[in-house]
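Engineer: No letters, just coordinates:
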């Protein structure tokens, strides 16, 4: 009898191993690569390269008070996006952050009210952990001091405390994002061409590329883990990079005006506090949307905490 029970136990364990969720073997980088957006970056032809993507340390240092001046070093503006992954038993929450050395204007700003050094805005993707790389169910984008929520076709998510702002389009199975020129507010791409007809389309790639000009429709951007050693999160208390928690140091235009993901804040979404889109995304999603089905608020992994 013991032998039979042991055999049955062995079969049960073997069967469980065979049917274990495929997502268990997915690395953060592979997951981020799979869902990385096709990114439509609008450019302004008065200074198109001021709208190119890059990293906070694109110029070879983490001193964020010289990024405005060094933005003209075009060969260093290789396309990039930061990413972070946190998870609950039911979902992955992926934040992609797009950095620009300048938030700028084509008109003079003598009082520093419309421009500032450094700019980082992005998108949260909500992916159900079912099989493989999961299933994309929702997105929330950051545009200055407002968040916008979207759902792809077929998602069960509906408006909750916040109204869904539109349908998230996919390009080749990837979410499609769109970012303003100059101020760099980020939204879903609506399927139309750039205002004025010029812009850069960035695709995830192993190597970041510099656009050939302000109307380059095929440019690679690389993925950079927000949690890398000596990376953006690791330097969160470093005064060379940050003036305060979640706010980059900068002295052109309005001082210290750009925020890291843990400093993002919507101005009017109630009890969702500053930084929660990155640090407590399950809570944000739970309040923003209804119709979520099985949805856990308990983190199995969250390096922001």
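Structural biologist: That came through fine. Model, not experiment: these values are computed from the prediction.

Engineer: Only C-alpha atoms from now on, for both contacts and neighbour counts.
Structural biologist: Noted.

Engineer: what's residue 101 in contact with, if anything?
Structural biologist: By C-alpha atoms under 8 Å, 6 or more residues apart in numbering, residue 101 lies in contact with 50, 54, 56, 67, 68, 71, 117, 118, 119.

Engineer: Starting from residue 136, give me the distance back to the nearest residue to residue 291 once chain neighbours are set aside.
Structural biologist: By the measure of C-alpha to C-alpha, 6 or more residues apart in numbering, the closest residue to residue 291 outside its immediate chain neighbours is residue 157, 4.9 Å from it. Between residue 157 and residue 136 the computed distance is 11 Å (C-alpha to C-alpha, to the nearest Å).

Engineer: any chance you could map the strands in the stretch 201-305 of the chain?
Structural biologist: 219-225, 242-244, 247-248, 289-290 (DSSP state E, counting those that start in this stretch).

Engineer: How many neighbouring residues does the residue nearest to residue 291 have?
Structural biologist: 20 (other C-alpha atoms under 10 Å).

Engineer: show me the residues around the residue nearest to residue 299 when sequence neighbours are not counted that make contact.
Structural biologist: Nearest residue to residue 299, sequence neighbours excluded (C-alpha to C-alpha, 6+ apart): residue 88, at 4.4 Å. Taking C-alpha under 8 Å, 6+ apart, we find residue 88 in contact with 282, 296, 297, 298, 299, 300, 301.

Engineer: Distance to residue 130 for those - can I get that in CSV?
Structural biologist: Rendered in CSV, the data for the contacts of residue 88 read as follows (distance: C-alpha to C-alpha, whole Å):
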residue, distance to residue 130
282, 17
296, 13
297, 16
298, 17
299, 16
300, 15
301, 17
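
Engineer: could these be laid out in JSON lines, adding distance to residue 226, pLDDT and neighbour count?
Structural biologist: As requested, the contacts of residue 88 are exported to JSON lines (distance: C-alpha to C-alpha, whole Å; pLDDT from 0 to 100; neighbours: other C-alpha atoms under 10 Å):
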{"residue": "282", "distance to residue 226": "19", "pLDDT": "98", "neighbour count": "24"}
{"residue": "296", "distance to residue 226": "24", "pLDDT": "98", "neighbour count": "16"}
{"residue": "297", "distance to residue 226": "22", "pLDDT": "98", "neighbour count": "17"}
{"residue": "298", "distance to residue 226": "22", "pLDDT": "98", "neighbour count": "14"}
{"residue": "299", "distance to residue 226": "18", "pLDDT": "98", "neighbour count": "17"}
{"residue": "300", "distance to residue 226": "18", "pLDDT": "98", "neighbour count": "11"}
{"residue": "301", "distance to residue 226": "15", "pLDDT": "97", "neighbour count": "13"}
